[in-house]
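**Q** Attaching a predicted model along with its sequence, questions to come.
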Amino acid sequence: METVALVTGGNRGIGFAVARGLGERGLTVLIGCRDCDRGAASARELVSAGLDARPILLDIADDASVTTAAKAIEKEFGRLDVLVNNAGVKLEFHPSPPSQASLDLVRETYRTNVFGTMSVTLAMLPLLRRSNAGRIVNVSSGLSSMTLASVPNSKHADKCMLSYNTSKAAVNSLTIQFANELRDTGIKVNAADPGYTMTDMTRFDGSRTPDEAARVIIEMATLPADGPTGAFYDNNGPLPW
Ligand code: NAP
């Protein structure tokens with residue numbers, strides 16, 4: 001029986017690298033995409049490399065789209081083994097003092113990063129419960145870490161992008177809340193920080209490639225039964241919340 005993975009925002013950037021990495025490990029990968037043509041083109045690239053990948057229309061900020069995608073996965077596979085909550089937005093580019101934040105930008109960011117991630121998780125959970133080894137990976141960011149940001153004058157303290165950083169801190173909290181509820185079910189829920197990566201989100205100003213960034217996410221998505229749950233990792237190991 002195939003292992004089925006859904007990667008939200010899997011059509012480009014880190015999500016696409018995760019989709020490829022999971023496909024290379026033999027998983028059937030559903031590439032969540034907001035645009036059918038872009039998703040189909042990304043899936044074709046993986047299929048032409050011999051991988052099992054298919055596009056699935058999924059706008060995580062649109063509840064109807066999320067429900068439709070969950071129904072389609074149920075109809076085709078009857079379950080879901082891996083959910084990678086990768087889709088996200090960062091609408092601020094430069095750090096600025098929190099006192100100058102735009103509430104509209106915060107709302108818009110939360111619509112995708114927080115409510116979208118929550119909506120997909122809730123919709124897919126019944127399908128993950130049917131898996132023998134369900135895995136949820138929430139793609140977070142080092143910028144979310146309250147522990148790191150609370151050190152005055154540190155690199156993290158100086159990088160305030162209020163909407164993005166706090167949205168990812170909420171994603172971290174979601175990770176812990178779901179991990180606690182699901183601890184006895186075999187479903188593992190973890191957060192992963194891919195690190196500063198060359199994608200559209202950073203205007204390609206990162207320190208690593210999407211493939212390098214994807215490593216920790218792929219690892220958390222394919223954890224063995226004795227792996228962690230309710231944890232936050234980057235490529236070097238555990239991170240402080
Ligand atoms: P990216 O290149 O901008 O790609 C973002 C992906 O998310 C795209 O596929 C985009 O789809 C999708 N997306 C955005 N809003 C969506 C929505 N409402 N519904 C469905 N899909 C949506 O960004 P990335 O750098 O690969 O980032 C991937 C994840 O890593 C994000 O969660 C980001 O916060 C996190 N991260 C990135 C970095 C970094 O340095 N790049 C660092 C730490 C964490 P479209 O193609 O349709 O726009």
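**A** Arrived safely.
**Q** Contacts only, for Ser96.
**A** Residues near Ser96 by Cβ atoms under 8 Å, 6 or more residues apart in numbering: 160-162. The C-beta positions use only the backbone N, C-alpha and C, and glycine is treated the same way.
**Q** wait, which of those is closest to Ala214?
**A** Met161 (22.6 Å; Cβ to Cβ).
**Q** For that closest one, which non-adjacent residue is closest in space?
**A** Spatial nearest neighbour of Met161, chain neighbours left out: Glu92 (4.2 Å); criterion: Cβ to Cβ, 6 or more residues apart in numbering.
**Q** and the gap between the one you found and the ligand?
**A** Applying Cβ to the nearest ligand atom, to the nearest Å, the value for Glu92 to the ligand is 12 Å.
**Q** buried sites along stretch 83-93?
**A** By neighbour count on 16 or more other Cβ atoms under 10 Å, the buried set for stretch 83-93 is 83-92.
**Q** Now do it: distance from first to last residue.
**A** End-to-end distance of stretch 83-93 (Cα to Cα, to the nearest Å): 28 Å.
**Q** looking only at pLDDT, what's the mean for it?
**A** Across stretch 83-93, the average pLDDT comes to 97.
**Q** roughly how far is it from the heart of the chain?
**A** Stretch 83-93 sits 7 Å away from the centroid of its parent chain (Cα atoms, centre = their mean, to the nearest Å).
**Q** One more: stretch 12-24?
**A** The answer for stretch 12-24 is 11 Å, by Cα atoms, centre = their mean.
**Q** Find the residue closest to the spatially most central residue of the chain in space, skipping its chain neighbours.
**A** Centroid-nearest residue in the chain: Asn86, 2.3 Å away (criterion: Cα atoms, centre = their mean). Nearest residue to Asn86, sequence neighbours excluded (Cβ to Cβ, 6+ apart): Gly15, at 4.1 Å.
**Q** ok, back up a step: for the residue nearest to the centre of the chain, which residues are in contact?
**A** 7-10, 14-15, 18, 137, 139, 217.
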